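S.K.: turn this into a structure:
(one chain, ligands or ions: 2)
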Amino acid sequence: MSKNFNSKIKSSEITDKQLYLNRRKFMKKFGSLIGWMFLGSHIKGVAEAAALKIVKKYDYTSNDKPTNIQNVTHYNNFYEFSTEKEDVADLSKDFTTNNWNISVEGLVNKPKVYGMEDLLKLFPLEERIYRHRCVEGWSMVVPWIGFPLSNLLKLSLPQGSAKFVEFTTVYRPDQMPGQKRSVLNWPYVEGLRIDEAMHPLAILSVGMYGDVLPNQDGAPIRLIVPWKYGFKSIKSIVRIKLVENMPISTWMQAASNEYGFYANVNPQVDHPRWSQKKERRLGEFFKRDTLMFNGYTDLVGHLYTNMDLRKNF
Ligand SMILES: Nc1nc2c(c(=O)[nH]1)N[C@H]1C(S)=C(S)[C@@H](COP(=O)(O)O)O[C@H]1N2
Ligand SMILES: [Mo]
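M.R.: Ligands and ions are numbered 1, 2, ... in the order given. Now for the predicted structure:
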């Protein structure tokens, strides 16, 4: 660990031993991944520096016990590969994420195309344990590795007219068999209001359980918005666009009466076809109560004062 890295963080934030070990694993993975991508020894240094920047933050971390990684990686919604949750892991095995670029564009003063290595160099990575609630009634707890989305947005200098952020998943039907079928309008699109996108809870994740993201969980980079239903947390992102008008998300296009733009977790507002009062944690038998804003009301409730959450579901 380099000296200047140490001096930048408070002692309370220094990672514990387990995280340190995970970090070594993560570094090795990223080191070899990026080494393979660029075949340059200086790039390995970059990977190392980025991985060393994982800082444990306790502010937003849930006390819930993380779900078994086997469940999290073998029960996935990723319609680009399959609508069968148990099949996504296998069907995404050969998906390639090398030379991945993300473009930040639209109503910003500094539009730019970032490579993954740029992002890792720019933003320190944090581990955050978040609850995740799928609109279909299952939930899990995942230790993500990532950085606040606001870091990237601020760097792009949003213009005053930017009111929403639109995210787009990669379109690659040759590697994503689900995109050859018209189950949804491809590519998958999601959106947030700009104040939601700037909220410190919203992160771009590049890893989980101390390692890089598995393909089935949205490699190499995905959004995580833990107070909203899982479909907002768009995977394998290639474009982030700041816009003036509310984006029409893929799920709004598919069924606007069932999937709204806001999609805040809300046990009081049922889905037209099922109740949202309870949820089943992967790996658990008994259902538990679903919490308002997935338990993050203290942190995000102020974003929705004076809003009718029944109308804006
Ligand atoms: N591109 C894309 N992103 C997506 C989806 C998808 O089908 N395609 N499914 C969403 C849904 S419905 C959920 S619940 C979460 C699931 O994330 P996980 O498989 O990592 O648990 O991803 C979300 N992001
Ligand atoms: Mo979901």
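S.K.: run a quick neighbour tally on the residue of the chain found nearest ligand 1.
M.R.: Of all residues in the chain, residue 230 sits closest to ligand 1, at 2.5 Å by CB to the nearest ligand atom. The way it works is simple: take the backbone N, C-alpha and C, and place the C-beta from them, glycine included. Residues lying near residue 230 (other CB atoms under 10 Å) number 20.
S.K.: look up how far residue 159 lies from the closest residue to it other than its chain neighbours.
M.R.: Using CB to CB, 6 or more residues apart in numbering and skipping residues adjacent in sequence, the residue nearest residue 230 is residue 134, 4.1 Å away. Distance from residue 134 to residue 159, counting by CB to CB, to the nearest Å: 34 Å.
S.K.: who has more neighbours, these two?
M.R.: For residue 134 versus residue 159, the count of surrounding residues by other CB under 10 Å is larger for residue 134: 19 against 12.
S.K.: next up, the contacts around the more buried one.
M.R.: By CB atoms under 8 Å, 6 or more residues apart in numbering, the contact set of residue 134 is 77, 229, 230, 231.
S.K.: might one say that the residue of the chain closest to ligand 1 is in contact with residue 133?
M.R.: Yes - the criterion here is CB atoms under 8 Å, and residue 230 meets it with residue 133 at 6.5 Å.
S.K.: quick one: the strands in the stretch 1-150 of the chain?
M.R.: Remark: strands assigned in the stretch 1-150 of the chain by DSSP state E, counting those that start in this stretch are 55-56, 101-106, 112-115, 126-133, 138-148.
S.K.: partner strands of the third one, with direction?
M.R.: According to DSSP bridges, the neighbouring strands of strand 112-115, each with its direction, are strand 101-106 (antiparallel).
S.K.: put the alpha carbons of the partner strand into CSV.
M.R.: This file holds the C-alpha atoms of strand 101-106, laid out as CSV (Å, rounded to 0.1, in the frame of the first residue of the first chain):
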residue,chain,number,x,y,z
ASN,A,101,-15.9,2.2,-23.2
ILE,A,102,-18.6,4.3,-21.5
SER,A,103,-19.6,7.5,-23.1
VAL,A,104,-20.9,10.4,-20.9
GLU,A,105,-22.7,12.8,-23.2
GLY,A,106,-25.7,15.0,-23.8
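S.K.: of the contacts of residue 134, closest to ligand 2?
M.R.: Of all the contacts of residue 134, residue 230 has the smallest distance to ligand 2: 3.5 Å, by CB to the ion.
S.K.: how much space between that closest one and residue 240?
M.R.: Using CB to CB, residue 230 is found at 19 Å from residue 240.
S.K.: tell me the confidence at residue 131?
M.R.: Here, the pLDDT recorded for residue 131 equals 97.
S.K.: enumerate the residues of the stretch 51-200 of the chain near ligand 1.
M.R.: Residues of the stretch 51-200 of the chain lying close to ligand 1 (CB under 6 Å from any ligand atom) are 76, 77, 78, 79, 80, 134, 169, 188.
S.K.: list the contacts for the fifth one?
M.R.: The one in question is residue 80. Contact analysis of residue 80 by CB under 8 Å, 6+ apart lists 169, 176, 178, 179, 186, 188, 235, 236.
S.K.: since that was my last question, I'll sign off now.
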